[in-house]
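*Asks:* Here is my input; please provide its structure:
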Amino acid sequence: MSVSDVPIVSHAGKRCMKSSAKYESGVCMVGVFPPPVHGMAMVNAGMYELLCSRGVVPFVLNLAPASLKRSWFNRLGRIPSVAKAFLRYLRKILDGNGITLYIGLSGGWGQIYEALFVAMARLRRARIFLHHHSFAYLDRRRLPALLLVRLAGPSATHIVLCERQGQRLTQCYPTASQTRVVSNAAILPLAGRTTHRNRTGVERIGFLGNISREKGIMEVLAIAERLEAQDAGFELYIAGPFENSGAENAVKQTGVRLRTVKYLGPRYGPEKESYWDLIDVLLFPSRYRHETAPLAVYEAMAHAIPVVAWERGCLSDIVPPAAGLLVPCDQDFVAVAVDQLLKWRRDPTGFAEMPEAAAKDFIRQREKYSANLQGLLDELSPSPARLT
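*Replies:* Sure, this is the predicted structure:
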């Protein structure tokens, strides 16, 4: 089983237990793990499997909510599970285990929960690794992040997803002085295939991810509206689970009204591979305030698919001009994207080299950060002699 096949930690753990674990429970992982499926959960599961591959069995405390809904009711409903997880961690660390604490950080008030684990780890002089997945508290300083970083102290290791994120982190929170840049391209098993469908022009555009207004589904539907009104000959394929009924109704109503819009449902494993074979360009107009290094963009590039996205988070470090188009956040995404798609349709030569450039740049990023990832794994799972 791989991360791309929607791993569940309990399943991966069974596989991990079959290996010869060297330092069982020496690493405690706190965070969200699939299900439900989203980027941060997938990266946490990826780190878990990488540690397993080294013969290390992390002790996992899964703080995942029951669904993708972001209501305050749903967030407060996590309190009992967080309290239970903290008591389990307390027992472990008082028994002398949990000498290394790894937290896949949330981006908002969930950091208050995570600060409890950091405070206890600091009291017990545990090694602390904080993996940052959000830009929401880097655009301006936020109280939960300030509290958490100060509790972690200057010796904590902060894992960031790109150089820009690391710079913003140290600017906003000077205590976070120990940073390691590890791209998601290096963590997830998305090396892509050696051969790809030959894309010499644009006919089929796509959206893949958790479907919501924040993730840009309304902009995607508006693009389809304008293209069909011009009889431009494009088809739009939407894949992913709905986060709420509003997004579901919008997609289904548009699909009834427009013959060029098709909703395919969630796509995982082999079905996702077939989806990438289907489309020529990925649309990613996310306005999600936590957006940092979206996995859908990496996957598209790995499959030689250019990306048109709103510029936010780490995307300027991920998508070079030769591999797609980044639209500044103060510009009309729909207008810019429609104009670019029509230009590529009228002049395919301007598009023809982009698919190969996207695939090559993904491999470049994966190779560039693989040494950083291996160094991080060495730090997370040192030999017992190094810990005494």
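*Asks:* Next up, the contacts around residue 227.
*Replies:* By CB atoms under 8 Å, 6 or more residues apart in numbering, the contact list for residue 227 reads 234, 236, 260, 338, 341, 342. C-beta: built from backbone N, CA, C; applies to glycine.
*Asks:* What average pLDDT does whatever helix or strand it lives in get?
*Replies:* Here residue 227, judged by DSSP states H and E, is contained in helix 217-229. Model confidence over helix 217-229, given as mean pLDDT, is 97.
*Asks:* tell me the strands in the stretch 151-300 of the chain, going along the chain?
*Replies:* 157-160, 179-181, 204-208, 235-239, 261-263, 281-284 (DSSP state E, counting those that start in this stretch).
*Asks:* quick one, which of those is nearest to residue 130?
*Replies:* Set against residue 130 and scored by CB to CB, the strands of the stretch 151-300 of the chain come closest in strand 157-160, at 5.2 Å.
*Asks:* quick one: low-confidence ranges for the stretch 151-300 of the chain?
*Replies:* Counting by pLDDT under 70, the stretch 151-300 of the chain shows low-confidence ranges at 190-195.
*Asks:* at 90 instead, please
*Replies:* Along the stretch 151-300 of the chain, the parts satisfying pLDDT under 90 run over 188-201, 268-270.
*Asks:* Which stretches in it count as helices?
*Replies:* Here the stretch 151-300 of the chain has its helices, by DSSP state H, counting those that start in this stretch, at 163-172, 184-187, 217-229, 245-257, 269-278, 295-302.
*Asks:* Mind putting these into CSV with distance to residue 199?
*Replies:* Output for the helices of the stretch 151-300 of the chain, formatted as CSV (distance: least, CB to CB, whole Å):
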stretch, distance to residue 199
helix 163-172, 29
helix 184-187, 21
helix 217-229, 18
helix 245-257, 24
helix 269-278, 10
helix 295-302, 12
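*Asks:* quick one, which of the strands of the stretch 151-300 of the chain is packed in tightest?
*Replies:* Burial of the strands of the stretch 151-300 of the chain is given as mean neighbour count (mean count of other CB atoms under 10 Å); strand 281-284 ranks first at a mean of 27.
*Asks:* Okay, now the sheet partners of that strand, with direction.
*Replies:* Using DSSP bridges, the strands paired with strand 281-284 in its sheet are strand 204-208 (parallel), strand 307-310 (parallel).
*Asks:* Output those strands as a markdown table; include the columns distance to residue 28.
*Replies:* Formatted as a markdown table, the entries for the strands paired with strand 281-284 read as follows, by distance: least, CB to CB, whole Å:
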| stretch | distance to residue 28 |
| --- | --- |
| strand 204-208 | 33 |
| strand 307-310 | 35 |
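*Asks:* Any regions of the stretch 1-150 of the chain where pLDDT drops low?
*Replies:* 1-26, 34-39, 54-57, 63-81, 92-99, 108-110, 139-140.
*Asks:* all strands for it, in order.
*Replies:* Using DSSP E, counting those that start in this stretch, the strands found in the stretch 1-150 of the chain span residues 27-31, 59-62, 100-104, 127-131.
*Asks:* Mean neighbour count and distance to residue 148 for those - can I get that in CSV?
*Replies:* As requested, these are arranged in CSV below (neighbours: other CB atoms under 10 Å; distance: least, CB to CB, whole Å):
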stretch, mean neighbour count, distance to residue 148
strand 27-31, 25, 12
strand 59-62, 20, 16
strand 100-104, 26, 9
strand 127-131, 22, 8
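*Asks:* hang on, the earlier thing: among the strands of the stretch 151-300 of the chain, which comes closest to residue 138?
*Replies:* In this view, those are compared for proximity to residue 138 by CB to CB, and strand 157-160 is the closest at 9.4 Å.
*Asks:* who touches the closest one?
*Replies:* Here strand 157-160 makes contact (CB under 8 Å, 6+ apart) with 127-132, 149, 166, 169, 176, 178-182, 376, 379.
*Asks:* Okay, now the sheet partners of it, with direction.
*Replies:* Applying DSSP bridges, strand 157-160 is found paired with strand 127-131 (parallel), strand 179-181 (parallel).
*Asks:* And the contacts of the shortest one?
*Replies:* I take that to be strand 179-181. Counting by CB under 8 Å, 6+ apart, residues outside strand 179-181 touching it are 157-163, 165-166, 169-170, 369, 372, 375-376.
*Asks:* circling back to that earlier point, which one of the helices of the stretch 151-300 of the chain lies nearest to residue 137?
*Replies:* Counting by CB to CB, residue 137 lies closest to helix 163-172 out of these; the figure is 7.3 Å.
*Asks:* ok and that closest one relative to strand 127-131, angle-wise?
*Replies:* For helix 163-172 and strand 127-131, the angle between their directions (axes from the mean of the first three to the mean of the last three CA atoms, to 10 degrees) works out to 120 degrees.
*Asks:* And helix 163-172, what does it pack against?
*Replies:* Packing contacts for helix 163-172, counted by 3 or more CB pairs under 8 Å, 6 or more residues apart in numbering; DSSP states H and E, involve strand 157-160, strand 179-181, helix 315-318.
*Asks:* can you redo these as JSON lines with distance to residue 267?
*Replies:* Rendered in JSON lines, the data for those read as follows (distance: least, CB to CB, whole Å):
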{"stretch": "strand 157-160", "distance to residue 267": "29"}
{"stretch": "strand 179-181", "distance to residue 267": "30"}
{"stretch": "helix 315-318", "distance to residue 267": "21"}
